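[1] sharing a model that was predicted from the sequence below.
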Amino acid sequence: MAYDVNKLSRVKHLKDLAQRIAEDFATKKSVDDLEARVDGLVTAGGEPNVITAVKVDGAALPITDKAVDVGPSIAAAVAGADHLQRKKVASKEAIDPAAEGADKYIYMVPKTGSDEDDQYDEYMVLDGAVEHVGNTKVDLSGKVDKVEGKGLSSNDFTDEEKAKLAGLELATDAEVQEMLDEVFGATAAA
């Protein structure tokens, strides 16, 4: 055994995984048994990979070459759907839930006591009642400001992190192949 399983923990873990997979496959029934079961299902009237029906709201869609194109149905449904629009109002009391089309809006009510002019409470008419559904405030508390001179590719490792990374020794392709051959047996030359 020329490779060192302790060189990099990933190689040891890969070997452990490969051994478990090899043991698991050894306990499974043969592929021939599975094939016989599929043949039995086909004989009993089953047909592999066949779609017999796809419906949208009870209407069957056409099936061509074992496929159904739901795109036109979805596009038609989206085109026919009512779309919400935003509407500014002075207060929650200005929203009339009985008005025709009232349920088609997100009502933007200026937030009282807000330091910023562009913050709104959002209301909708749901089941005939005016309900608060959110606001336009954006939480930037986790935001990281840009640091001049740095970019996404800046190398900001500490000396300790650099030394740790420099000390890692990766297994070669030949070492990994040797370990796989040990677990699964040597592969035939290509």
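    Structure received.

[2] please make it C-alpha for all contacts and neighbour counts, starting now.
    OK.

[3] please enumerate the strands of this protein.
    55-56, 59-60, 63-64, 67-68, 85-88, 105-110, 120-126, 129-135 (DSSP state E).

[4] now the ones you listed in CSV, with distance to residue 145?
    Converted to CSV, the strands of the chain look like this (distance: least, C-alpha to C-alpha, whole Å):
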stretch, distance to residue 145
strand 55-56, 49
strand 59-60, 54
strand 63-64, 53
strand 67-68, 48
strand 85-88, 31
strand 105-110, 29
strand 120-126, 26
strand 129-135, 24
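
[5] would you turn the ones you listed into JSON lines with mean pLDDT, distance to residue 47 and mean neighbour count?
    Below are the strands of the chain laid out as JSON lines (pLDDT from 0 to 100; distance: least, C-alpha to C-alpha, whole Å; neighbours: other C-alpha atoms under 10 Å):
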{"stretch": "strand 55-56", "mean pLDDT": "80", "distance to residue 47": "20", "mean neighbour count": "10"}
{"stretch": "strand 59-60", "mean pLDDT": "84", "distance to residue 47": "20", "mean neighbour count": "10"}
{"stretch": "strand 63-64", "mean pLDDT": "80", "distance to residue 47": "15", "mean neighbour count": "12"}
{"stretch": "strand 67-68", "mean pLDDT": "78", "distance to residue 47": "15", "mean neighbour count": "14"}
{"stretch": "strand 85-88", "mean pLDDT": "92", "distance to residue 47": "48", "mean neighbour count": "13"}
{"stretch": "strand 105-110", "mean pLDDT": "92", "distance to residue 47": "49", "mean neighbour count": "22"}
{"stretch": "strand 120-126", "mean pLDDT": "92", "distance to residue 47": "47", "mean neighbour count": "20"}
{"stretch": "strand 129-135", "mean pLDDT": "91", "distance to residue 47": "49", "mean neighbour count": "15"}
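
[6] out of those strands, nearest to residue 24?
    Nearest to residue 24, of all the strands of the chain, is strand 67-68, at 35.4 Å by C-alpha to C-alpha.

[7] what's in contact with the closest one?
    51, 54, 61-62 (C-alpha atoms under 8 Å, 6 or more residues apart in numbering).

[8] nearest to residue 101 among those?
    residue 61 (32.2 Å).

[9] I figured that closest one hits residue 51, correct?
    No: between residue 61 and residue 51 there is no contact under C-alpha atoms under 8 Å: 11.1 Å.

[10] would you mind measuring from residue 134 to residue 181?
    The gap separating residue 134 from residue 181 is 59 Å, by C-alpha to C-alpha, to the nearest Å.

[11] again with residue 166
    Taking C-alpha to C-alpha, one finds residue 166 at 29 Å from residue 181.
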